[in-house]
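[1] need coordinates for the below:
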Amino acid sequence: MSWRIVVLDPLSESRLLTMRRLLPAGFELAAASSPAPEDQARAIAHADFAIAGDMPLTADLLAQAPRLRAVHKWGVGVDNFDLEAAARRSIRVLRTTGSNAGPVAETALGLMLALLRQISAGDRGMRAGHWAKADLAPRSFTLGSRTVGLVGLGAIGGRLATLLQGFGCRLLYAKPKPLPEARAEALHLTHVPLETLLATSDIISLHCPLTPATRRLIDAAALSRVKEGALLINTARGDLVDEAALLAALVEGRLGGAGLDVFSEEPLPSLHPLASAPNVILTPHIGASAVDNLVPTLERMFRNLACVAEGRAVDPGDVVI
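    Below is the predicted model of the structure:
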């Protein structure tokens, strides 16, 4: 018997070839022809397993998949999956917990450095024929002199804290359940309420999941409490931030800048106001992408799906339901 895996996200042919090369024995791979709902439904109709990253997994889509045994998230966050619908249909939901911690943490660090050292602004000026050293120098800071506040502290936030130790930053974090004391001490982290973090951090970096409690966590009220001139980094989920309030804070100069890899609507619409906001760096949700991380992640996904197919236990850390 051959088990059929369907990939729901649009992928390049080279990426699909890599996936087919790594397929375990007894599996075949197919891909949805487009993100259109009818093509998604057609692709999943005869699937035993599905892999999805950014594509939404809705109750309507799951209803078109009578054979589906498990869905594997390509990544970690499952806020685009209807977990209740999956549970009702006894469909397993899996993920590669922690697999993207390194790439996303490095992306957050890169955005911090690019903003603090005026790298992006300097590059834009040079390409426009401007030697803007005199303008940029007074706005340039070292990372080691800054207080960095991490909102949420899972695998990505923990990895970023480790990277930041080498710069000598003061590190704060806000999390409903504090880390064990020994872990916090090892990372040189101080636990504070969110209000304190917002008011005292030079850089605020978001690393919490998107839930009903965290949606629009950074809204106009939160931004009104932020230290003047602070930077906001978001490599987590776009809907953690009220983008209209963020734009207002940037235009008014209350925020010193923002580095954003995620957005409420993706792809970000052309001519979006954030694209012309002052001191903003935008990247197209590439934080988790890294060529050297691809094969280990695929091998882990396929191993998990093979466990389900063969009735073996999946690593509990990778089980959502």
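
[2] now the strands: where do they sit in the stretch 151-300 of the chain?
    170-174, 189-191, 203-206, 230-234, 255-260, 280-282 (DSSP state E, counting those that start in this stretch).

[3] what's the neighbour count on His130?
    12 (other C-beta atoms under 10 Å). No exception for glycine: its C-beta is placed from N, CA and C like everyone else's.

[4] do the one 3 residues further on as well
    Other residues within reach of Lys133, judged by other C-beta under 10 Å, total 11.

[5] now do the same end-to-end measure for stretch 279-294.
    32 Å (C-alpha to C-alpha, to the nearest Å).

[6] same check, this time on stretch 63-75
    23 Å.

[7] which residues are in contact with it?
    Defining contact as C-beta atoms under 8 Å, 6 or more residues apart in numbering, one finds that stretch 63-75 is touched by 4, 9, 41, 44-53, 57, 62, 81, 85-86, 89, 91-96, 99-100, 288, 297, 301, 304-305, 308-309, 320.

[8] and stretch 178-190, by the same measure?
    Leu150, Leu153, Gly158, Ala161, Thr162, Gln165, Arg170, Leu171, Leu172, Tyr173, His191.

[9] from these, which is closest to Ala313?
    Gly158 (25.9 Å; C-beta to C-beta).

[10] tell me the pLDDT of Leu115.
    Confidence at Leu115, expressed as pLDDT, is 99.

[11] same question for Leu240.
    99.

[12] how many neighbours does it have?
    For Leu240, using other C-beta under 10 Å, the count is 23.

[13] measure it to Leu136 for me?
    29 Å (C-beta to C-beta, to the nearest Å).

[14] count the neighbours of Arg312 for me.
    Counted with other C-beta under 10 Å, Arg312 comes out at 10.

[15] can you pull the contacts of it?
    By C-beta under 8 Å, 6+ apart, the neighbours of Arg312 are Ala306.

[16] list phi and psi for Gly75.
    Backbone geometry at Gly75, expressed as degrees, to the nearest 10, gives phi 130, psi -140.

[17] related to what we said a few turns ago, show me which of the contacts of stretch 63-75 are buried.
    4, 44, 47-53, 57, 62, 81, 85-86, 91-96, 99-100, 288, 297, 301, 304-305, 308-309, 320 (16 or more other C-beta atoms under 10 Å).

[18] and the chain, what are its domains?
    Per the record, the chain has its domains at 3-95+291-318, 101-282, by the TED database.

[19] hang on, the earlier thing: in helices only, show me the buried ones among the contacts of stretch 63-75.
    Judged by DSSP state H, helices contain the following of these: Ile44, Leu62, Ala85, Ala86, Thr297, Met301, Asn304, Leu305, Val308, Ala309.

[20] I'd assumed Ser99 was in contact with the fifth one.
    To tie it back to what came earlier, the one meant is Thr297. Yes - between Thr297 and Ser99 there is a contact under C-beta atoms under 8 Å: 4.9 Å.

[21] list the buried residues in stretch 228-246.
    230-243, 245-246.

[22] just the terminal-to-terminal distance for that stretch.
    13 Å.

[23] ok now it, how far from the chain's centre?
    13 Å (C-alpha atoms, centre = their mean, to the nearest Å).

[24] try stretch 82-95
    Taking mean C-alpha positions (C-alpha atoms, centre = their mean), stretch 82-95 and its chain are 21 Å apart.

[25] can you check stretch 91-101 too?
    13 Å.

[26] now what about that stretch, what contacts it?
    So stretch 91-101 is contacted by 62, 65, 68-76, 78, 81, 83, 86, 155-156, 158-159, 287-288, 293, 296-297, 300-301, 304-305, 308, 314, 317-321 (C-beta under 8 Å, 6+ apart).
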